[in-house]
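1. Task: produce atomic coordinates for the following.
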Amino acid sequence: MNSNEKQLEEQNLKKTAHYLNLQIAKMEKDIFKDAEQIREFRKYAWENKGGMDKQELNSVRTANEQEAMELLRRRDYFKKLIRIKNSPYFASIVLEDELKRQQKIYIGFTYLKDEKLDNLIYDWRAPICSIFYDYESGVCQYEAPMGIIKSILHQKRQYKIENQKLLRIIDSSINIDDEVLQEVLASESSDRMKNIVTTIQQEQNSVIRNTKDKHLIVQGIAGSGKTSVALHRIAFLLYKIKNLSSDKILIFSPNQIFTEYISNVLPELGEENTLQTTFHDYLSKIIKEYKTVESYIDFLNHHYGKENTNTRLFLYKQSNEIIKDLEKFVKDLENTISFKKGFIENKVYEYRKEELNELFHKRYNSVPFFERIDAMALKFSENNYNGSKKRKATYHKLLLEALDIKKDYKKILQTFYRSSFFKEEITEKEIEKLNNNKKIAYDDALILVYLKGLMEGFYYENSIEQVVIDEAQDYSYLQYIILSKIFKKSSFTILGDVHQNINPFYKYKTLEELNQIFSGKYIELSKTYRSSEEIIEFANKILDLHHVCAIRKNNNKPVIIRKNKKFLKKDIQNLKEKYNSLAIITKNTTSAAQLYKELKTEFSLSYVEATTEEFIKEFVILPAYLAKGLEFDAVLVYQEQDNYFTENEKNLYYVAVTRAQHELYVYE
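-> Below is the predicted model of the structure:
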């Protein structure tokens with residue numbers, strides 16, 4: 001660009017930085033002053049509360065809460081300004097409206113206004129900023145609160161700014177070969193996931209900004225940025241949806257390692273981290289019949305450690321077929337179970353078994369099995385004791401005693417396994433395992449939770465408005481049914497890749513199958529930003545894929561295949577000298593633990609297992625099923641002669657090799 005244009009850009013940055021510095025200084029004083037006033041106000045209210053009537057006291061409390069909320073809002077904005085102080089904005093667009101007027105929009109992580117309340121910087125989530133991500137030069141449009149606004153996009157620029165100094169200006173039309181994007185992709189990875197605000201691509205933006213559809217189901221290939229998209233979508237929804245806060249959003253992560261890895265993205269975007277959990281945590285919350293529930297990772301480790309023998313039984317237990325069989329079993333129980341006797345309560349109120357059965361099978365037949373007992377107990381208590389809770393509890397106990405089935409889900413589950421509704425062979429020894437009070441197997445736990453839901457109603461979370469599920473392909477159809485009933489009023493964003501399914505007993509042809517439960521919009525992300533072209537070509541051959549599009553430019557580093565272990569330590573040393581992060585990925589924990597034992601005396605490295613919550617990415621060793629969602633500069637996929645990836649485990653192998661960004665070594 002010419003020197004005059006460059007000078008105008010430098011003047012704008014100087015002006016913006018000046019207002020930004022003034023605003024930060026002013027807010028620092030104001031926030032301190034406001035906090036001091038609130039403390040004085042609270043002190044006054046406390047000292048004078050004895051002289052206030054109830055109405056005055058409530059009025060003071062309300063005013064106090066409003067002042068505190070406003071202070072928190074200002075503090076949050078102040079923190080955002082501090083974050084952008086050194087680099088106020090990262091892009092700009094020039095738009096021409098229908099009256100031929102041109103406007104230049106500067107885009108940053110948050111907004112900034114001058115004394116006239118004109119925007120010096122627009123928040124990247126503002127409607128008008130969607131043009132930057134969605135269009136190249138020419139006719140464009142965006143959806144504003146008043147409707148669709150059409151414009152002509154004349155210019156797109158990106159900036160590199162450090163310490164309020166303009167280092168570089170790039171005139172660009174963001175596309176897959178964009179210079180800034182390639183620079184980001186070429187950089188080495190760190191211990192935490194990075195935000196992608198400056199390089200969001202059009203297909204990613206279509207997911208991030210979608211608010212028309214209640215549910216989104218996203219199929220994205222390895223390295224397509226699914227997790228980043230999910231987190232940026234959360235930041236966008238917090239900006240877009242009134243009264244939505246971080247504590248009303250729940251992320252289901254594959255494990256604690258992953259949770260820690262993504263923990264800094266939302267704070268970088270100026271938002272608080274949301275609630276996060278695993279499906280295992282929810283199983284443990286609902287199941288009270290056992291002290292512990294086997295985790296999904298332990299379940300996988302047993303299988304990939306070759307501890308499983310009855311494959312057909314495991315396939316059936318996690319199939320869609322067993323869902324219908326279990327529902328038929330419960331329906332049969334409802335139809336055949338009855339009250340074997342009546343009872344007299346408090347020596348006054350008599351209930352004959354015929355009357356009880358009439359209520360149970362006809363009047364309350366639309367209510368889940370054991371909830372009918374609760375409904376009947378409440379009705380009797382209301383009729384006779386004005387709804388006394390104590391009498392309701394008494395009725396509840398008497399009704400359960402009169403039934404010819406006990407509320408013992410362990411026994412009911414065993415009955416199901418022994419019944420004609422259960423379609424696979426199972427030994428009595430395997431059924432008897434359910435009598436163990438200490439631990440229930442993962443596959444049994446899923447069935448038990450659904451059984452409990454059918455018979456007494458599903459646990460309901462009414463405070464969560466948005467649910468985000470990552471690594472969606474590892475959840476069975478039954479798990480989604482359970483989640484849809486627990487969060488029945490929530491919106492779901494579900495992201496996964498059927499090619500990375502590591503559950504050996506359940507596979508989707510396409511995640512679009514989940515539309516049968518959620519009736520959402522199905523979107524595909526077809527470009528991968530993680531791995532080099534050479535690594536992607538190698539990964540494609542594993543699953544015979546042809547449609548994967550690699551965005552990272554060719555780095556001329558071929559995938560290295562090793563047939564001999566003697567090169568291992570030398571390869572490790574070379575890669576450690578070249579990169580910030582290196583991982584050795586094995587098939588299972590047995591192989592990882594053994595190799596860690598061999599290497600720890602010569603190298604400083606971390607061993608990652610199911611209970612690990614935090615680790616340093618500089619050099620780690622871990623099994624493939626714990627590497628989900630992570631990425632490293634270089635990866636060594638390690639297999640031994642007696643512990644290699646088989647044909648049936650090619651999805652797990654695919655996961656392992658697609659963790660690599662720049663270089664991949666495969667030890668066979």
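2. Going by C-alpha atoms from here, please, whenever you check contacts or count neighbours.
-> Will do.
3. what number of residues lie near the closest residue to residue 608 other than its chain neighbours?
-> Nearest residue to residue 608 in three dimensions, chain neighbours excluded: residue 622, at 5.1 Å (C-alpha to C-alpha, 6 or more residues apart in numbering). Neighbour count of residue 622, defined by other C-alpha atoms under 10 Å: 25.
4. partner strands of the helix or strand where residue 622 lies, parallel or antiparallel?
-> Assigned by DSSP states H and E, residue 622 belongs to strand 619-623. Using DSSP bridges, the strands paired with strand 619-623 are strand 582-586 (parallel), strand 606-607 (parallel).
5. Which of those strands has the lowest mean pLDDT?
-> Note on the strands paired with strand 619-623: lowest mean pLDDT is at strand 606-607, with a mean of 92.
6. What separation do you get for residue 371 and residue 524?
-> 42 Å (C-alpha to C-alpha, to the nearest Å).
7. remind me which residues of the stretch 101-250 of the chain are low pLDDT?
-> Across the stretch 101-250 of the chain, the ranges flagged by pLDDT under 70 are 173-192.
8. residue boundaries of the strands in it?
-> 102-108, 112-113, 119-123, 138-144, 147-162, 165-171, 216-220, 249-252 (DSSP state E, counting those that start in this stretch).
9. Among these, which comes closest to residue 445?
-> Nearest to residue 445, of all the strands of the stretch 101-250 of the chain, is strand 249-252, at 17.8 Å by C-alpha to C-alpha.
10. which residues sit against the very next helix or strand once past that closest one?
-> The helix or strand immediately downstream of strand 249-252 is helix 256-261, counting by DSSP H and E. In this structure, residues lying in contact with helix 256-261 by C-alpha atoms under 8 Å, 6 or more residues apart in numbering are 191-193, 253, 276, 278, 611-615, 626, 628-630.
11. related to what we said a few turns ago, contacts for the strand holding residue 622 next, please.
-> Strand 619-623 is contacted by residues 576, 581-589, 591-592, 596, 604-609 when judged by C-alpha under 8 Å, 6+ apart.
12. what do you get for stretch 477-489?
-> So stretch 477-489 is contacted by 318-320, 323, 446, 449-450, 458-462, 464-465, 467, 514, 517-518 (C-alpha under 8 Å, 6+ apart).
13. in stretch 269-277, what counts as buried?
-> For stretch 269-277, burial by neighbour count (16 or more other C-alpha atoms under 10 Å) applies to 269, 270, 271, 272, 273, 274, 276, 277.
14. Quick check: mean pLDDT of that stretch?
-> On average, the pLDDT along stretch 269-277 is 91.
15. how about the CA coordinates for it, as PDB?
-> The C-alpha trace of stretch 269-277 is given here as PDB (Å, rounded to 0.1, in the frame of the first residue of the first chain):
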ATOM      1  CA  LEU A 269     -12.400 -14.600  24.400                       C
ATOM      2  CA  GLY A 270     -13.400 -12.600  27.500                       C
ATOM      3  CA  GLU A 271     -15.900 -15.100  28.900                       C
ATOM      4  CA  GLU A 272     -16.000 -17.200  32.000                       C
ATOM      5  CA  ASN A 273     -15.600 -21.000  31.600                       C
ATOM      6  CA  THR A 274     -18.800 -22.900  31.500                       C
ATOM      7  CA  LEU A 275     -19.800 -25.900  33.600                       C
ATOM      8  CA  GLN A 276     -18.000 -29.000  32.400                       C
ATOM      9  CA  THR A 277     -18.600 -32.700  33.000                       C
END
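16. now that stretch: how far from the chain's centre is it?
-> 11 Å (C-alpha atoms, centre = their mean, to the nearest Å).
17. ok, the spatially most central residue of the chain - contacts?
-> Nearest to the geometric centre of the chain sits residue 251, at 3.5 Å (C-alpha atoms, centre = their mean). Residues near residue 251 by C-alpha under 8 Å, 6+ apart: 274, 275, 276, 277, 467, 468, 469, 470.
18. hey, which of the strands paired with strand 619-623 is tucked in deepest?
-> Ranked by mean neighbour count under mean count of other C-alpha atoms under 10 Å, those are led by strand 582-586, which reaches a mean of 27.
19. Give me the distance between the two termini of stretch 240-250.
-> Using C-alpha to C-alpha, first and last residues of stretch 240-250 are 17 Å apart.
20. what's the weakest-modelled helix or strand in the protein?
-> helix 179-186 (a mean of 62; mean pLDDT, DSSP states H and E).
21. how many neighbours does the residue lying closest to residue 372 once chain neighbours are set aside have?
-> Residue nearest to residue 372 in three dimensions, not counting chain neighbours: residue 364, with 6.0 Å by C-alpha to C-alpha, 6+ apart. Residues lying near residue 364 (other C-alpha under 10 Å) number 16.
22. Could I get the phi/psi values of residue 364?
-> Backbone torsions for residue 364, taken as degrees, to the nearest 10, come to phi -110, psi 20.
23. Tell me the spacing between it and residue 457.
-> Computed as C-alpha to C-alpha, the residue 364 to residue 457 distance reads 13 Å.
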